[in-house]
Every structure is written in structure tokens, then in C-alpha cells.
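J.: Whatever this is, show me its structure:
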Amino acid sequence: MSELVPTFIIEPILNDDESKISLRATARLVDKSNCLSISSDSIKQLLSQRGFGRYRVIQEQVDEIVEALTEAIGQINDESDTEGNSIETDAIAEAKDATAEVEINDTKLEAVLSIASAEGGKDIVLSDAQGLLEKAGVTYGVDNSKIDELLEIARKAPAGETSSAVVAFALMPVTGDDAHFVPLVDTANERILKPRLFADGTVDMLDLGDMPTVQAEAELLKKEAFTKGDKGIDVCWGVIAPEPGKDFDFKPGKGTEVSGEDEMLLIATISGQPNLLPRGMKVDDVIKVNSVDLSTGHIKTDANLIVKGDICEGMKVRCEGDITVGGVIESADVIAKGNILVGKGVLGRTAGHSISADKLSVSIEAGDTIYAMFASYARLNADNDIMIAEQLLHCDTTSKSKIIVGNEKTVGSQIVGGTTRSSKSIETDILGASAGVITNLDLSGPFKIKAYELSCNRSIIDGKSAMLNNMRNAYSKFMLLPITEARTVHTDKIKNTIIFLVNEIKELEIQGDLLNEESEATCNDLVVTAKRKIHPNVILKIGRSSFKSTRAREAGILYYSEREVHYTPVVKS
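T.: Numbers count the residues shown, from 1 in each chain. The predicted structure follows:
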């Protein structure tokens with residue numbers, strides 16, 4: 001026979017305005033197996049089952065009711081005690097509408113809307129959010145789609161949880177353009193990169209047209225004034241002042257001046273060859289010759305030199321400016337403080353089979369850039385980039401910057417044989433040759449500089465250390481003498497010198513550590529790129545590490561990392 005136990009049957013009651021929920025608890029005797037305990041959790045579960053799960057529970061009231069009902073159950077003795085024993089409680093849960101607030105950052109560049117999800121009450125709608133933003137002063141840049149997204153998130157979020165989003169954005173000001181300078185004439189550097197284009201679409205890489213020159217009073221450079229920028233608007237419709245561009249003055253070079261009639265124009269004061277400078281131009285005197293041969297003799301000039309044809313075998317050219325050669329440089333000795341631009345190529349030969357620099361018949365040195373279509377059996381030395389359009393064959397080549405063999409218009413550019421040195425990078429299509437010609441690449445220039453600095457640092461430390469030992473020996477000897485005023489003066493001086501030397505040596509050792517770190521970092525920036533193939537017997541040296549290609553490899557890069565030279569293939573696009 002089943003056992004009956006007292007309990008209360010609980011039903012939630014929604015008040016007339018549906019804002020609060022109370023409970024009606026009716027006493028009953030029920031089968032013990034079906035009796036549910038009365039607890040805070042069971043009441044919350046009941047609310048959830050009846051569709052009131054999002055209402056905010058008044059926990060203190062729930063706890064009091066649980067305690068009261070538990071006590072009342074203990075007072076029920078039999079069925080007669082349950083008759084009419086019904087209790088209606090105060091509100092144990094209440095509906096709370098969703099709330100929202102607007103936060104505007106100090107710069108007023110954006111406004112954030114935060115919504116605390118409804119707890120059984122009304123959700124925020126778009127018009128509510130718009131009104132709240134307007135009341136907060138947010139009148140510009142409101143994105144209704146962002147508000148809609150946030151409202152949807154808030155509706156699905158757990159009751160009472162806060163969701164936030166940026167819903168208004170300022171119109172950012174546009175920074176003004178800096179003053180800049182527009183060349184009005186071509187320069188020699190641009191000319192070499194502009195081969196003649198024919199009507200049929202073909203390009204003659206060897207026909208570079210006439211060398212650009214200007215006459216006195218020609219307009220060279222136009223200054224475009226800086227702009228003030230465009231104003232922005234913050235989310236409260238306030239004006240955001242733009243950052244104006246920077247103004248720069250002309251820096252006229254030799255043979256130029258600012259026009260007296262238009263301060264935004266730089267003009268030539270002499271006839272000659274224009275060359276672009278930072279914020280200005282210079283016009284160099286120009287010497288034009290058909291060729292450099294026995295008819296002209298060796299040439300030494302302070303002006304730019306334009307050679308329409310060739311610089312022939314055995315000739316010497318010394319130039320303080322740029323040298324432009326329309327033809328070839330063949331077994332000649334050419335030095336320029338500026339650029340050396342060769343329309344065709346550089347041709348040399350070697351004594352015997354040696355490719356050492358002193359055995360090559362042509363030597364070219366530039367204080368800036370060397371450009372040529374090709375070079376063979378030549379010594380090339382440039383303080384800036386060396387750019388060869390097609391092939392670098394059996395040359396001794398040194399650049400304090402980059403070496404690039406090939407361009408967008410050439411296919412199969414190649415470095416074969418010789419030694420190619422760069423302080424930054426080497427780039428070409430093909431390294432070496434299928435016949436296995438030994439091709440040396442050297443990117444140790446920066447490393448050698450750092451090694452020299454480290455050697456000097458170590459020499460100074462050794463010298464200071466020797467002085468320190470001498471001072472310490474002298475101090476020990478003075479301390480053996482009788483104590484006198486003179487001895488005290490001398491020992492104090494020696495002690496101060498010792499302290500000074502110790503500190504100097506510590507600083508030098510720190511500098512040495514930094515130099516070591518800089519040396520490794522410098523080497524890590526060095527790279528060789530072969531865009532098509534690497535043949536056997538290509539040897540690369542970087543710092544104290546080296547790499548030798550023992551077999552043909554596809555396109556890849558050679559780089560220095562963790563004190564070793566590595567090869568990584570490059571997937572062709």
C-alpha cells in the first residue's frame with residue numbers, strides 16, 4: 001500500500017499587468033513516490049516550464065517562501081489538515097524590460113550602444129535605440145544595420161546579459177597632401193628605362209632616343225602646394241580638424257633657380273643635362289662626343305659626358321658627373337662619380353683563364369648606379385645598384401647595394417662565372433650554367449664591416465685592459481709605501497683611474513655584444529633570388545658561412561639564418 005505524504009502543489013500566478021508572478025501553494029497528501037521537494041531550484045524550474053524562465057527571480061522572496069512552505073508541511077498531520085490550506089505568496093519574480101545605454105569615447109569618433117537583454121519584459125526596438133542615441137547627442141554616422149544586428153543579438157542572449165556594439169562612426173578627416181615636386185623634363189636616369197616603342201608594339205631595348213638636355217630658362221620642376229586636408233565630423237556632428245600637409249621649399253642645385261615670376265617653378269640658368277635631386281634639380285654641363293677613341297684621346301671632365309657611340313679599347317675616361325654611352329664599353333677604364341649608363345653592353349677579355357679583377361681588360365667604377373644591357377669579362381664596381389638587363393658573364397662585380405640581372409622584359413637573365421659581390425641582395429633568373437661553371441656569390445660585405453668594427457672594439461678593450469693591469473700593479477706598490485699625504489693623493493688618483501677604466505671596459509664589452517647582434521641581424525637581411533634555376537657549382541658566401549649547389553635546383557632563394565646559409569624553393573605562380 002502506497003504511503004501518502006504532505007506537500008504543496010504550486011502554481012504560478014501572473015498578475016493583471018503581467019509584470020509580476022506570485023505563487024499559489026495548495027496543501028495535498030500525495031504518494032510518496034510522486035512527491036517533489038520544495039526548493040529554490042524546483043520553483044525556478046517550475047517558472048521555466050510555465051514559460052516564465054526569462055523573468056527576474058526575487059531570490060530573497062523565493063527563499064522565504066521555501067522556508068515557510070517547508071515549515072507548513074511539518075504542521076500537516078492528516079488529510080483534514082489539508083482542506084482549504086492554500087497560500088498565495090507575494091511576487092517571487094518580475095518582468096524587467098530591456099535597458100540600453102550609450103557611451104561616447106573622449107574623441108567622439110564612435111558611439112557604443114549597450115543593451116541589457118529583457119528579463120520577461122519588452123525588448124528594445126530600433127526606434128527606442130535611435131531615440132536614446134539622439135538624446136545622448138549622437139546625431140551623425142549612426143548605422144541602423146549595426147543597431148539591428150545588436151538588437152537581434154540582445155533578443156537571443158540570456159536574460160539580463162549585456163551586449164554591446166559600435167553603432168555610430170565619425171567621418172574621419174583626410175590628412176592634407178605634402179607639397180611635392182613634379183619634373184617637367186626627362187632625365188638621363190629615366191631615359192635608360194624608356195626604350196623606344198614602335199607602332200607595331202615591339203620594343204628596341206638598344207634604341208633609347210636622344211639624351212635629354214635643356215636650354216637656359218627652361219622650366220624644370222613644378223612645386224605642387226601642400227593641401228589643408230578635408231574636415232571630419234564626429235558622432236555629435238562636431239568638426240574634426242584635419243592634419244594639414246607639410247610644406248617643403250625648393251632645394252635648387254647647380255645651374256638652377258626658383259623662377260622670379262612663379263615661386264612654384266624651378267628653372268634652368270644654364271644649358272645642359274638635367275638631373276633630379278631631392279626637392280630640386282641640377283643642370284650639369286654636358287660634353288657630347290661621337291665616341292671615345294684615338295681621335296679624342298683619354299677624357300677627363302667635370303661635366304656630364306654623353307658618348308653617342310662606343311668607348312673603345314684602351315681608352316680612359318674620368319668624369320665628375322654621369323656618363324651615358326649609347327654603344328658599348330670595350331676593354332676600357334671608366335670612372336664616374338655619378339651614374340654610368342651603357343646603352344648596349346660592356347665587353348672585355350681576360351689574360352689566360354683567370355677571372356681575377358686585375359686580369360680583366362675592362363674596368364668600370366661608378367659613385368652611383370651602373371646600368372648596362374650585358375657585361376662580360378669586366379670589373380664592375382658601384383656605390384649603389386648594379387643593373388644588368390640580360391647577362392653577367394665571368395665578371396668581377398661589386399655593389400654596395402643591390403645587383404639585379406634581368407628586368408620585366410627579359411627572360412632567362414643569367415649570372416655565370418666570376419665573382420658577384422653585393423651588400424644587400426642579388427637577383428636574376430638563372431644562377432650558373434648547366435656545364436657547372438664555378439659561379440661565386442659573396443654577400444659578406446656588411447659582415448666584414450661589422451667584423452672590422454668588432455676587431456677595433458676588441459683592440460681598444462685589450463689596450464684598456466693593459467692600462468688597467470698597470471694601474472692595479474702601481475696601486476699595489478704604492479700601498480706598500482709608508483702612509484703620507486703624498487701617497488694618499490697618488491693612490492686616490494690611481495684608484496679613480498682604475499674605476500674609470502673598469503667602467504670604460506664594461507661599456508666597450510656591451511658595445512661588442514651589440515655589434516655581434518647587429519652582425520647577425522645584418523646577415524639575416526641578405527638574400528639571393530634565382531627566379532628560374534640554380535645550376536651546380538654556384539657557391540654563396542655570407543659571413544663565415546657558405547653554400548655550394550651540388551646539383552641543379554629549381555627557382556628558389558638562398559638566405560642566412562642561425563649562422564647557416566639555407567636554400568628554399570619558390571613555387572612558380
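J.: Would you map out the domains in the protein?
T.: Per automatic domain parsing, the structural domains of the chain span 4-94, 99-169, 180-282, 285-400, 446-524.
J.: mind checking how far the first one is from the chain centre?
T.: Relative to the mean C-alpha coordinate of its chain, domain 4-94 is positioned 67 Å out (CA atoms, centre = their mean, to the nearest Å).
J.: Quote the end-to-end distance of it.
T.: 35 Å (CA to CA, to the nearest Å).
J.: Which positions within stretch 429-444 qualify as buried?
T.: Buried residues in stretch 429-444, counting neighbours by 16 or more other CB atoms under 10 Å, are found at 429-433, 437-444. Every residue, glycine included, has its C-beta placed from N, CA and C.
J.: which one of those is nearest L526?
T.: L443 (4.3 Å; CB to CB).
J.: which residues touch the nearest residue to that closest one once chain neighbours are set aside?
T.: Counting by CB to CB, 6 or more residues apart in numbering, L443 lies nearest to L526, which is 4.3 Å off, once chain neighbours are set aside. Going by CB atoms under 8 Å, 6 or more residues apart in numbering, L526 touches S422, K424, S425, L443, P446, I542, Y559, Y560.
J.: and if you look at T99?
T.: With the criterion set at CB under 8 Å, 6+ apart, T99 makes contact with I115, A116, I124.
J.: run the last query once more with 7 Å
T.: Residues near T99 by CB atoms under 7 Å, 6 or more residues apart in numbering: A116.
J.: Identify the bridge partners of it.
T.: Beta-bridge pairing of T99 under DSSP bridges involves A116.
J.: how near is it to Q130?
T.: Per CB to CB, to the nearest Å, T99 is found 16 Å from Q130.
J.: Tell me which helix or strand in the chain has the weakest average pLDDT.
T.: strand 203-204 (a mean of 54; mean pLDDT, DSSP states H and E).
J.: what number of residues lie near R318?
T.: By the criterion of other CB atoms under 10 Å, R318 has 17 neighbours.
J.: Can you check what pLDDT the model gives it?
T.: Note for R318: predicted pLDDT of 92.
J.: If you drop the residues flanking it in sequence, what lies closest to it?
T.: K300 (4.3 Å).
J.: what about that neighbour, which SS state?
T.: strand (DSSP: H, G, I helix; E, B strand; the rest coil).
J.: Check it and give its pLDDT.
T.: At K300, the pLDDT recorded in the model is 86.
J.: E564 too?
T.: 83.
J.: What residues are bridge-paired with it?
T.: S561.
J.: Over to L540?
T.: L441, F547.
J.: Same check on G345?
T.: F374.
J.: re the thing from before, ok, which of the domains of the chain comes nearest R532?
T.: Here domain 285-400 is closest among these (CB to CB), at 13.4 Å.
J.: circling back: with distance to G412 as extra columns, can I get the domains of the chain in TSV?
T.: TSV is the format used below for these (distance: least, CB to CB, whole Å):
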stretch	distance to G412
domain 4-94	74
domain 99-169	53
domain 180-282	14
domain 285-400	8
domain 446-524	30
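J.: and among those, the most buried is which?
T.: domain 285-400 (a mean of 21; mean count of other CB atoms under 10 Å).
J.: just how off-centre is that domain within its chain?
T.: With CA atoms, centre = their mean, you get 37 Å for domain 285-400.
J.: again, but for stretch 488-505
T.: Using CA atoms, centre = their mean, the offset of stretch 488-505 from its chain centre is 48 Å.
J.: One more: stretch 104-118?
T.: Worked out by CA atoms, centre = their mean, stretch 104-118 lies 32 Å from the chain centre.
J.: So for that stretch, mean pLDDT?
T.: Mean pLDDT, computed over stretch 104-118, is 92.
J.: for stretch 429-443, same thing?
T.: Mean predicted lDDT for stretch 429-443 stands at 92.
J.: unless I'm mixing things up, A168 is touching V112, no?
T.: No - the pair A168 / V112 is not scored as a contact, 8.6 Å apart, by CB atoms under 7 Å.
J.: For A351, give me its contacts.
T.: With contact set as CB under 7 Å, 6+ apart, A351 has these partners: K359.
J.: follow-up on the earlier one: same list (the contacts of L526) but as a markdown table, adding distance to I270.
T.: A markdown table is the format used below for the contacts of L526 (distance: CB to CB, whole Å):
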| residue | distance to I270 |
| --- | --- |
| S422 | 37 |
| K424 | 36 |
| S425 | 39 |
| L443 | 43 |
| P446 | 40 |
| I542 | 47 |
| Y559 | 48 |
| Y560 | 49 |
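J.: Just the ones of those in strands?
T.: Using DSSP state E, the subset of these located in strands is S422, S425, I542, Y559, Y560.
J.: Contacts only, for the first one.
T.: Read it as S422. So S422 contacts S399, K402, I403, L443 (CB under 7 Å, 6+ apart).
J.: can you tell me which of those are in strands?
T.: S399, K402, I403.
J.: doesn't D385 make contact with the second one?
T.: Read that as K402. Yes - taking contacts as CB under 7 Å, K402 lies within contact range of D385: 4.8 Å.
J.: which residues does the residue nearest to H535 when sequence neighbours are not counted contact?
T.: Nearest non-adjacent residue to H535, counting by CB to CB, 6+ apart: G432, 3.4 Å away. Contacts for G432 (CB under 7 Å, 6+ apart) come out as V416, T439, I534, H535, P536, N537, V538.
J.: let's see it at 6 Å
T.: T439, H535, V538 (CB atoms under 6 Å, 6 or more residues apart in numbering).
J.: Can you tell me which of the contacts of L526 has the lowest confidence score?
T.: P446 (68).
J.: Which of the ones in strands among the contacts of L526 are buried? Put it as a PyMOL command.
T.: Isolation of the buried members of these (16+ other CB under 10 Å) is achieved in PyMOL through the command below:
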select buried, resi 422+425+542+559+560
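J.: just to revisit the earlier point, for the contacts of G432, give me TSV that also has distance to H566 and secondary structure.
T.: Output for the contacts of G432, formatted as TSV (distance: CB to CB, whole Å; DSSP: H, G, I helix; E, B strand; the rest coil):
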residue	distance to H566	secondary structure
T439	18	strand
H535	18	coil
V538	14	strand
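J.: wait, which of these is closest to V239?
T.: Out of these, the member with the shortest distance to V239 (by CB to CB) is V538, at 62.6 Å.
J.: bridging residues for G272?
T.: Going by DSSP bridges, G272 forms beta bridges with V214.
J.: Determine how far stretch 472-479 lies from the middle of the whole chain.
T.: That offset, for stretch 472-479, works out to 57 Å (CA atoms, centre = their mean).
J.: ditto for stretch 248-268
T.: On CA atoms, centre = their mean, the centre of stretch 248-268 falls 35 Å from the chain's centre.
J.: That stretch spans what distance, first to last residue?
T.: 20 Å.
J.: What's the mean pLDDT across that stretch?
T.: Stretch 248-268 shows a mean pLDDT of 93.
J.: Just the residues contacting it, thanks.
T.: 179, 214, 216-223, 269-270, 272, 277, 279-283.
J.: what do you get for stretch 332-340?
T.: Here stretch 332-340 has contacts from 311, 315-323, 362-370, using CB under 6 Å, 6+ apart.
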